Structures are given as C-alpha cells and as structure tokens.
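Colleague: next input, structure requested:
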Amino acid sequence: MKKAFVKSYGCQMNVYDASRMVDLLGREGFVETGTVEEADVVVLNTCHIREKAAEKVYSELGRLRVLKGERAEAGRDTTVVVAGCVAQAEGREILNRAPGVDVVVGPQSYHRLPQLLAASKDGRVVDTEFPVEDKFDHLPLRRTPGVSAFLTVQEGCDKFCAFCVVPYTRGAEVSRPVEKIVAEAERLAAAGARELTLIGQNVNAYHGAGPDGRDWTLGELLHRIAAISGILRLRYTTSHPRDMDEALIAAHRDLPALMPYLHLPVQSGSDRILHAMNRKHDGDTYRRIIDRVRAARPDIALSSDFIVGFPGETDADHAETMRLIADVGFASAFSFKYSPRPGTPAAESDDAVPEAVKSARLAELQALLERQRQDFNHATIGRTVPVLLEKPGRHPGQVAGKSPYLQAVQIEGDVSAIGTVIPVRITRAGSNSLFGEAITEAPAPVTTADAAAATANAAAPAAA
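Modeller: I've put the predicted structure just below:
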C-alpha cells in the first residue's frame with residue numbers, strides 16, 4: 001500500500017490545497033500517513049509570507065534528503081515534492097539547492113500532481129506555470145470533509161501591497177463561477193459539513209460568473225450558499241478593507257448562518273505607513289468600515305493583521321497603530337515584525353527599522369491585543385452561546401467545538417453530538433479555550449434560526 005505524507009505551512013488556502021492534494025493522491029491509490037518515515041511520497045506545501053520561509057523549507061529538505069537515503073538503503077523509494085508559494089517563487093532553484101527534491105509545483109498547477117509524479121520517474125520536474133484551464137475542473141470529488149470545511153471561491157490578488165508576494169506567487173485575482181462553488185458546497189453538505197469557510201487571498205473581491213449572466217458579489221454568493229440544506233454556519237476569510245461593500249455588510253445583518261466574526265486586516269494605524277504599504281485606505285476609513293459593520297451586526301467579533309516595523313515606521317506611527325487597536329477592540333489578531341520579501345517594493349527600501357526596536361514595538365502591541373482577547377473571552381463567562389461540536393475533546397468524555405466568535409469550546413459530552421449545534425453555558429475561560437456545560441433542557445440540535453437567536457443573546461462580549 002502506497003503512503004503519502006503532506007505537510008502544509010501558512011494560510012487557510014494552503015490547508016485547503018493540501019487537502020485537495022491528499023484527494024488527488026488518494027485517487028492514485030495512496031493512503032495518507034502522519035508519519036513521514038513511512039511515506040512513499042512526501043509533499044511540503046509551502047508558504048512564502050513569513051520571514052525566512054524559503055530557508056526553513058531548505059532546512060526541512062535537508063532532513064528529508066537524509067531520510068530518503070535511509071529508505072533507499074532499505075529498498076524503498078521516496079518521492080519528495082515541494083509545492084505552494086515557495087515553489088512558485090523559487091522554481092528550478094529548488095532543484096539546484098536541494099538534490100533530494102523530485103517535483104516542484106506551484107499553487108496553480110498542483111492538479112497536475114499525478115502526472116508530475118509519473119514524469120519524475122524519468123527525471124526531476126518543475127511546473128510553476130499559471131495554466132489557462134481551471135484547476136478545480138481537474139480535482140477529484142472531496143473526501144469526507146469533517147464538520148467544518150474550507151471552500152476556495154477566489155484566488156490571487158490585484159492589490160500589490162508593498163510588502164506582499166501573493167500577486168507574484170498566486171497570480172491575478174480569479175473568481176470561480178457561482179454554480180461550481182454551489183455544487184461543491186452541496187457535495188460538502190451531503191458529506192456531513194455543517195460549517196463552510198469561503199476562502200481566497202482577497203475573498204471579498206469575489207466577482208464570479210453567476211447563473212444569470214452577470215458577476216456576483218461575495219454577499220450574493222453567501223446568500224446562495226446559506227440556502228443549501230445542511231449548512232448551518234458560514235464564514236469567509238481573508239478580506240481587504242477596500243472590498244468591504246455595503247452588500248457584504250448587509251449580509252452580516254440579514255443572514256443568520258453568517259457567523260458574527262470578521263477578519264479584516266488593517267496592517268497599521270498610521271496613515272503615512274498605510275500609504276507606503278500601498279493599502280489604499282487610511283485609519284479613519286477602517287474605523288468607519290468597522291462602525292458600519294457593527295451597526296449591521298452589533299455582536300460581531302473582530303480580528304485583524306498587524307505588521308510592526310515597516311520601513312520608515314517611527315515611534316509616532318507605532319503610537320497611531322496602538323491608538324487604532326484601542327479604538328476598535330479586537331477579539332483576536334495576528335501580528336508580526338516586518339521582514340522583506342524579494343521582489344516586493346518594500347524590500348528595496350533603505351529605511352529599515354532596527355531589529356531591537358521592532359521587537360519592542362511588537363511586544364507592546366501584542367500585550368494590548370492579548371489583553372483585549374482575554375477580556376473578550378472572559379466576558380462570555382456565564383453566558384449561553386450556540387456551539388458547533390466538531391471533534392472529540394482533549395480528554396475522554398469531552399467534545400470540542402466553536403462558538404459563533406470562532407472561540408474553541410470544550411464541554412463534557414458524547415461524540416454522538418458531533419455535527420450538531422447545541423446551547424452551551426460558558427463556565428470558565430482558559431488561555432486558549434472556553435469551557436462550558438451543555439444546556440440539556442433545550443432541544444438539540446437547534447436550527448439555524450435558533451443558533452442566530454442565541455448568538456444575539458451573547459452580544460455583550462463583542463464590545464470588549
């Protein structure tokens with residue numbers, strides 16, 4: 001029996017792509033394994049967003065080369081594949097630097113993985129083209145997706161933020177047709193998915209061809225998917241403030257299935273730095289967007305991304321970012337020190353912020369964000385929230401799920417309840433999870449409308 005090991009780095013898009021590569025390999029007779037030592041095919045699905053991403057991949061490839069040699073001595077072949085954004089950015093250079101690699105494939109070509117594996121028997125291969133055909137037409141049907149599943153609706157980005165490699169590694173914005181997305185969503189629902197997260201590099205720029213002959217917006221697409229039987233919850237990520245239109249904001253008001261959680265990266269609170277980043281919005285524009293979203297859905301929880309120490313950032317610029325965080329209030333956030341990406345405009349800057357200064361600013365920013373996150377979580381104690389149960393918990397007799405605000409929740413319960421939404425009274429907040437007790441007198445599973453009503457009752461935490 002052939003076995004495949006797939007390791008994914010980075011964003012939700014990579015998680016989705018990795019699962020589809022597992023599907024592809026499954027069609028070719030491979031069984032997924034969590035142990036790299038027993039894998040006949042090893043796929044590293046890479047991300048190029050974070051600092052020294054390529055070097056981390058090469059370090060991993062060095063270890064795999066040793067493993068590959070050990071398996072060869074035992075008479076077992078190992079094919080090593082580098083996929084994803086580092087593959088797209090580095091291309092054939094990966095073959096030059098990593099002799100153990102057999103296949104290099106970019107994120108727009110991984111649907112060709114079976115053919116590339118076959119071709120690699122005659123020599124090492126690279127495929128980093130942006131193919132004309134729709135790769136989704138060549139992917140097999142999804143296997144059992146689980147209770148929560150990602151669904152790609154859009155890829156690529158046309159924004160060209162000064163710090164970002166996505167337009168170069170993922171290409172221009174492309175949106176999938178509505179009918180193809182709906183068909184995949186229906187298959188996922190039939191297979192047991194109860195929550196779908198629509199994903200894209202710039203998901204709220206979605207403009208896919210609709211069945212009525214015009215391009216649909218993300219708000220329209222959400223309404224259509226919400227009508228699919230079995231789908232109880234919808235989410236989407238990642239968004240750009242420039243594409244937060246009124247139809248999408250209205251969907252947060254009108255769609256009970258659309259969860260009250262919005263990840264909307266701002267990156268900085270300084271108008272000067274936002275301009276240098278080519279973000280095309282300023283701090284007050286972001287604040288006004290948040291005001292409109294909260295007017296439509298008062299209980300919404302907010303998440304964002306922040307980059308600290310962008311070239312030229314001053315103490316005053318950093319103070320503006322801290323002020324924006326204090327003004328808005330976030331339930332969660334991701335924050336990083338700026339690091340240059342080859343080929344991006346910001347990488348050419350000679351106005352670098354000293355590393356020690358970046359570290360100090362990041363620590364201050366993360367301390368404020370963590371206080372807001374903990375305040376938000378603790379404000380749910382004593383409240384009843386609808387929880388979608390997804391998997392067994394950490395300990396025997398526990399099941400785990402998510403609140404509408406994307407908080408991890410652990411309760412005592414039976415695994416037979418997985419896949420249902422039940423009301424849970426939150427009793428305790430840990431460092432990364434909430435703990436609660438099921439309200440057994442309420443009917444379970446509840447309907448989507450019931451879940452929405454229970455979510456509204458928990459509005460207070462979003463004000464934290």
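Colleague: can you list the weak-confidence ranges in this protein?
Modeller: Across the chain, residues meeting the criterion (pLDDT under 70) sit at 49-53, 131-133, 143-144, 441-464.
Colleague: buried ones in stretch 236-254?
Modeller: By 16 or more other C-beta atoms under 10 Å, the buried positions in stretch 236-254 come out as 236-241, 243-244, 248-249, 251-252. Any C-beta I mention is one placed from the backbone N, CA and C, and that applies to glycine too.
Colleague: my bad, stretch 217-234
Modeller: Neighbour counts over stretch 217-234 (16+ other C-beta under 10 Å) mark 217-226, 228, 231-234 as buried.
Colleague: also stretch 190-201?
Modeller: Quick answer for stretch 190-201 (16+ other C-beta under 10 Å): 193-201.
Colleague: what's the answer for stretch 317-328, then?
Modeller: Applying 16+ other C-beta under 10 Å to stretch 317-328 flags 317-318, 320-321, 324-325, 328 as buried.
Colleague: so of these, which ones are in helices?
Modeller: Using DSSP state H, 317-318, 320-321, 324-325, 328 are the members of those that sit in helices.
Colleague: any idea how far residue 91 is from residue 177?
Modeller: When distance is defined by C-beta to C-beta, to the nearest Å, residue 91 is 30 Å away from residue 177.
Colleague: do residue 42 as well
Modeller: Using C-beta to C-beta, residue 42 is found at 34 Å from residue 177.
Colleague: picking up where we left off before, need the buried residues of stretch 317-328 in JSON lines with distance to residue 77, can you?
Modeller: Listed next are these as JSON lines, based on distance: C-beta to C-beta, whole Å:
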{"residue": "317", "distance to residue 77": "54"}
{"residue": "318", "distance to residue 77": "53"}
{"residue": "320", "distance to residue 77": "56"}
{"residue": "321", "distance to residue 77": "51"}
{"residue": "324", "distance to residue 77": "54"}
{"residue": "325", "distance to residue 77": "52"}
{"residue": "328", "distance to residue 77": "54"}
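Colleague: out of those, who's nearest residue 263?
Modeller: residue 328 (13.0 Å; C-beta to C-beta).
Colleague: quick one: the helices in this protein?
Modeller: Using DSSP H, helices in the chain cover 12-27, 53-73, 85-90, 93-97, 113-119, 166-169, 178-190, 218-226, 246-254, 271-276, 283-296, 315-328, 355-378, 448-457.
Colleague: wait, which of those helices is closest to residue 304?
Modeller: With C-beta to C-beta, the closest approach to residue 304 among these belongs to helix 315-328: 7.8 Å.
Colleague: using PDB, write down the CA coordinates of the closest one.
Modeller: Output of helix 315-328 as PDB, limited to C-alpha atoms (Å, rounded to 0.1, in the frame of the first residue of the first chain):
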ATOM      1  CA  ASP A 315       7.500  55.900  17.300                       C
ATOM      2  CA  ALA A 316       4.700  58.200  16.300                       C
ATOM      3  CA  ASP A 317       3.500  55.800  13.600                       C
ATOM      4  CA  HIS A 318       3.600  52.900  16.100                       C
ATOM      5  CA  ALA A 319       1.600  55.000  18.500                       C
ATOM      6  CA  GLU A 320      -1.100  55.500  15.900                       C
ATOM      7  CA  THR A 321      -1.400  51.700  15.500                       C
ATOM      8  CA  MET A 322      -1.800  51.400  19.200                       C
ATOM      9  CA  ARG A 323      -4.500  54.000  19.200                       C
ATOM     10  CA  LEU A 324      -6.400  52.200  16.400                       C
ATOM     11  CA  ILE A 325      -6.300  49.000  18.400                       C
ATOM     12  CA  ALA A 326      -7.600  50.700  21.500                       C
ATOM     13  CA  ASP A 327     -10.300  52.500  19.500                       C
ATOM     14  CA  VAL A 328     -11.600  49.400  17.700                       C
END
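Colleague: could you find the closest non-adjacent residue to residue 30?
Modeller: Excluding its sequence neighbours, the residue lying closest to residue 30 (C-beta to C-beta, 6 or more residues apart in numbering) is residue 4, at 4.1 Å.
Colleague: and the one you found, how many neighbours?
Modeller: Counted by other C-beta atoms under 10 Å, the residues lying close to residue 4 total 23.
Colleague: can I assume residue 414 is in contact with residue 398?
Modeller: No. Under the criterion of C-beta atoms under 8 Å, residue 414 makes no contact with residue 398, lying 10.0 Å away.
Colleague: what residues of stretch 149-166 count as buried?
Modeller: 149-157, 159, 161-166.
Colleague: that one: end-to-end distance?
Modeller: Start and end residues of stretch 149-166 are separated by 23 Å (C-alpha to C-alpha, to the nearest Å).
Colleague: and if you look at stretch 388-408?
Modeller: Start-to-end span of stretch 388-408 (C-alpha to C-alpha) is 10 Å.
Colleague: with stretch 243-262 instead?
Modeller: 13 Å.
Colleague: ok, and what's touching it?
Modeller: Stretch 243-262 has contacts (C-beta atoms under 8 Å, 6 or more residues apart in numbering) with 202, 204-205, 217-220, 222-223, 226, 231-235, 239, 264, 289, 292-293, 296-297, 299-303, 331, 404-406, 448-449, 451-452, 455, 462.
Colleague: what values do phi and psi take at residue 312?
Modeller: phi 90, psi 0 (degrees, to the nearest 10).
Colleague: re the thing from before, and the furthest pair within the buried residues of stretch 217-234?
Modeller: 217 and 232 (22.7 Å).
Colleague: tabulate the buried residues of stretch 190-201 (JSON lines), appending distance to residue 337.
Modeller: Shown next, in JSON lines, are the buried residues of stretch 190-201 (distance: C-beta to C-beta, whole Å):
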{"residue": "193", "distance to residue 337": "36"}
{"residue": "194", "distance to residue 337": "38"}
{"residue": "195", "distance to residue 337": "33"}
{"residue": "196", "distance to residue 337": "33"}
{"residue": "197", "distance to residue 337": "27"}
{"residue": "198", "distance to residue 337": "30"}
{"residue": "199", "distance to residue 337": "25"}
{"residue": "200", "distance to residue 337": "26"}
{"residue": "201", "distance to residue 337": "22"}
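Colleague: between those residues, which is nearest residue 313?
Modeller: Of all the buried residues of stretch 190-201, residue 201 has the smallest distance to residue 313: 24.6 Å, by C-beta to C-beta.
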